[in-house]
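Engineer: Got a sequence here, can you model it:
(chains A and B)
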Amino acid sequence: MKSLLYVLSALAVIGLAFWAYRENYETQHVLNQAERLQRDIGDARSRLAMLRAEWAYLNRPDRLRDLAEINFDGLGLLPLRPDQFGRIDQVAYPVEERMVLNNPVSVSSDTMGAGE
Amino acid sequence: MTRTPLRPLARVIEARAKGENPDAIERENLRLRHEEMRDRDRNRAEGRLLVLGAMFFCAFVVVGFRMGALAGSEPAEPRASAAGSAIIADRADIVDRNGRILATNLETHALYAHPQQMVDPLEAAEKLVEIFPDLDRERLVRDFTGKRKFLWIKKRISPEQQQAVMDIGEPGLLFGPREMRLYPNGRIAAHILGGAGYGQEGVASAEVIGVAGVERQFDSHLRDPANSDKPLELSLDLSVQAATERVLYGGMKLMNAKGAAAVLMEIKTGEVIALASLPDFDPNDRPAPPTKGHPDDSPLFNRAAQGLYELGSTFKIFAVAQAMDLGLVAPQTMIDIRGPIRFGRYAIRDFHYYGKELSVEQIIVKSSNIGTARIAQMLGVERQKAFLAGLGLTTPSPIELPEARQADPLLPSKWTDLSAMTISYGHGMSASPLHLAAAYATVANDGMQVRPTLLKQSTAQKGERVMSSATADRSVAMLRKVVSEGTASFGEVEGYAVAGKTGTADKPKPTGGYYEDKVIATFASVFPAHDPKYVLVVSLDEAVETSGSEPRRTAGWTAVPVAAEMIRRVAPLLGLRPQIEPALLADITLTSQ
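Structural biologist: Numbers count the residues shown, from 1 in each chain, chains lettered A, B, ... in the order given. A predicted model of the protein is given here:
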């Protein structure tokens, strides 16, 4: 009875040690993975920051103005003027097209009644 | 273990035969047994003590080793708890009110050298000079072959330059990562952003610190890692700022001015939408502070917030508004303007002769110095001081710029009656164009104080009341007349009902007295007059308009057309649609108190 207990507890120790070992390695693996992900996120963020900076640089007002001047022939862009404001009632409503009836069908309750 | 009986039969029989007491044998055996038991127990206890001692010894050895290892090793971040922390702690961006980037970060590299690791220092120096022509070859050779173990070569290099340096293949040339502050819009809003430089520098990183402008004002906020993903939102509008600077630059060149400043402010919230000062600089490559010449002429000098100027007749409306607020005058009260007013050796004159008397309204419209001085006499020194303080003209502007905080308005050391009279038409005290904009905003904001701010606001300010609402309305109506029929007739912009006041102040000589032919021309305006939304102050330094037969220096010919063009350009960008001005109600201008 006693020896069985010894054997069982020894087995339990071995099992637990194995479990702890595996957990430890798994934790290390997950930590590495998390670190890699964080690094990836950091890289992505810095890339995004770079792209945003580049976007802001390409959209700087000086450059846009120069481009508008260079492409004036094609685009004809000028600074906004006060007289360019429109009012909603200056916009014409689209003309409603009338429905065209090519082959009219006469629907009348009188004829229906007469047919019966 | 064999157990010896206490009364062995053989010995008992033998003892009985000898006539001895057999109990002695039993006692003897019992004693022996007890001794044996005692020895055994002591052995066991000693063994246990030994084991316990060994255990404690091992534990203390482990603790000691661990302490030694912790003390002797490099500290490392705990890996498992890094999850919540910021991934890259950058300096926060600065954006305008619409979220367009004004300042952001860029990763670059710094180049440094370890001469003792170099294979061929001479060739390295040769090739470095090919890549960076501004480096001194002799000096590099001296550094590379001398005793130095470390030297910085370039603080910031581009990726292309980095590749070129890598291609040299010299192991002694090394790169350190650097974070660089980038202002993608170049010179636009340079004076507000200020600029950034490096603080403490190491090989692995360098600290970026703001050196001027909002970068300096909000340095700790921008550096705080907790704010790294929350950009600082300014009240500026990038398109409006760009248009303002463009028009101001054109105006400065046309009017032959050596400097110019403009402030555009929203009245209700006190937000500064655009603030320009020319000449300007590129904050990406901030020039060093000037070592010679007048510091005010440096491009780094912010004329709008930092420059203190006598702002001339733009101040007249303050004296008139106060007199109306106190019930001393009404717009149609006639004031004696016969002059000049002599005060010791000082004489107050008008630019033109305007007759013997003028109504208060016409004093503003025609800009009569004598008339305003007479009104100031009615007010007296103490009341004038208190009123100007209420408008914020006597203390540094509360705007979030370190430069503006230092610009304390220059007030007369002894505020005499003469000072009161000269100050009433803007001479004898100096303030910045920003001060003037805030004071005009106060007048246009129904008489409630407005404090200028550079941060985006969501609600209107609740300032204290400086003058009554009726006075404020009348003052704006008078300013409107200055544009519609007075000195600022070039300021009329169709649909925007500009109201404003011109000011032309002679520049003071550094040696005392005033220049004859150098003026600061200022136009302070409010638009639209019937429902004031924005204040615009334009100031030109030494402007002169030369299209006529003789040079014209008054603000009506110089600053006003520039301001009008600015409103024409900027108002549509602000989403302000041109409106037909409602006819002025008779009781607003005619009621006397």
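Engineer: tally of neighbours for B:Arg178?
Structural biologist: Other residues within reach of B:Arg178, judged by other Cβ atoms under 10 Å in any protein chain shown, total 20. (C-beta placed from N, C-alpha, C; glycine too.)
Engineer: any idea which element it lies in?
Structural biologist: In the assignment (DSSP states H and E), B:Arg178 maps to strand B:173-182.
Engineer: Off-centre distance for that strand?
Structural biologist: Strand B:173-182 has its average C-alpha position 25 Å from the chain's average C-alpha position, going by Cα atoms, centre = their mean, to the nearest Å.
Engineer: And the contacts of that strand?
Structural biologist: Counting contacts by Cβ atoms under 8 Å, 6 or more residues apart in numbering or on different chains, the residues outside strand B:173-182 that touch it are A:53, A:57, B:90-91, B:103-114, B:118, B:124, B:128, B:153, B:155-157, B:162, B:165, B:195-196, B:202-206, B:208, B:215, B:284.
Engineer: run the last query once more with 6 Å
Structural biologist: A:53, B:104-106, B:108-110, B:112-113, B:156, B:165, B:196, B:203, B:206, B:208 (Cβ atoms under 6 Å, 6 or more residues apart in numbering or on different chains).
Engineer: swap in stretch A:70-87?
Structural biologist: A:68, B:495, B:569, B:572, B:577-578.
Engineer: The longest helix seen in chain A: what's the following helix or strand?
Structural biologist: What stands out as the longest helix in chain A, according to DSSP state H, is helix A:2-58. Per DSSP H and E, the first helix or strand lying C-terminal to helix A:2-58 is helix A:61-70.
Engineer: Could you pull up the mean pLDDT of the next helix or strand after that following helix?
Structural biologist: Elements were assigned by DSSP H and E; along the chain past helix A:61-70, the next helix or strand is helix A:72-75. With pLDDT averaged residue by residue, helix A:72-75 scores 90.
Engineer: same question, stretch A:23-39
Structural biologist: Model confidence over stretch A:23-39, given as mean pLDDT, is 91.
Engineer: What residues of it count as buried?
Structural biologist: The neighbour-count criterion (16 or more other Cβ atoms under 10 Å in any protein chain shown) identifies no buried residues in stretch A:23-39.
Engineer: Off-centre distance for it?
Structural biologist: Averaging C-alpha coordinates over stretch A:23-39 and over its chain gives two centres that are 29 Å apart (Cα atoms, centre = their mean).
Engineer: ok, now stretch B:439-456?
Structural biologist: For stretch B:439-456, the distance between its averaged C-alpha position and the chain's averaged C-alpha position is 19 Å (Cα atoms, centre = their mean).
Engineer: Could you give the average pLDDT over it?
Structural biologist: 92.
Engineer: Dump it to PDB, restricted to CA.
Structural biologist: The C-alpha trace of stretch B:439-456 is given here as PDB (Å, rounded to 0.1, in the frame of the first residue of the first chain):
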ATOM      1  CA  ALA B 439      -9.500  94.000 -28.300                       C
ATOM      2  CA  TYR B 440     -11.400  94.400 -31.600                       C
ATOM      3  CA  ALA B 441     -12.900  90.900 -31.000                       C
ATOM      4  CA  THR B 442     -14.100  92.100 -27.600                       C
ATOM      5  CA  VAL B 443     -15.800  95.100 -29.200                       C
ATOM      6  CA  ALA B 444     -17.400  92.900 -31.900                       C
ATOM      7  CA  ASN B 445     -18.400  90.200 -29.400                       C
ATOM      8  CA  ASP B 446     -21.100  92.400 -27.900                       C
ATOM      9  CA  GLY B 447     -18.600  93.900 -25.500                       C
ATOM     10  CA  MET B 448     -17.700  90.600 -23.800                       C
ATOM     11  CA  GLN B 449     -14.000  90.000 -23.300                       C
ATOM     12  CA  VAL B 450     -12.300  87.600 -25.800                       C
ATOM     13  CA  ARG B 451      -9.000  85.800 -25.000                       C
ATOM     14  CA  PRO B 452      -7.200  84.600 -28.100                       C
ATOM     15  CA  THR B 453      -6.300  80.900 -28.200                       C
ATOM     16  CA  LEU B 454      -4.400  78.600 -30.600                       C
ATOM     17  CA  LEU B 455      -6.200  75.500 -29.500                       C
ATOM     18  CA  LYS B 456      -9.400  74.200 -31.200                       C
END
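Engineer: Give me the contact list for that stretch.
Structural biologist: Residues beyond stretch B:439-456 that count as contacts (Cβ under 6 Å, 6+ apart) turn out to be B:97, B:233-235, B:265, B:267, B:270, B:272, B:391, B:393, B:398-400, B:438, B:461, B:463-469, B:472, B:475-476, B:524, B:526, B:532, B:535.
Engineer: With stretch B:221-233 instead?
Structural biologist: Stretch B:221-233 is contacted from outside by B:86, B:89-95, B:218, B:456, using Cβ under 6 Å, 6+ apart.
Engineer: what about stretch B:343-360, average pLDDT?
Structural biologist: 81.
Engineer: Show me how far that stretch is from its chain's centre.
Structural biologist: Relative to its parent chain, stretch B:343-360 has a centroid offset of 43 Å by Cα atoms, centre = their mean.
Engineer: if I look at A:Asn103, how far off is chain B?
Structural biologist: 52 Å (Cβ to the nearest Cβ, to the nearest Å).
Engineer: How many residues are close by that residue?
Structural biologist: Burial of A:Asn103, expressed as a neighbour count using other Cβ under 10 Å, amounts to 4.
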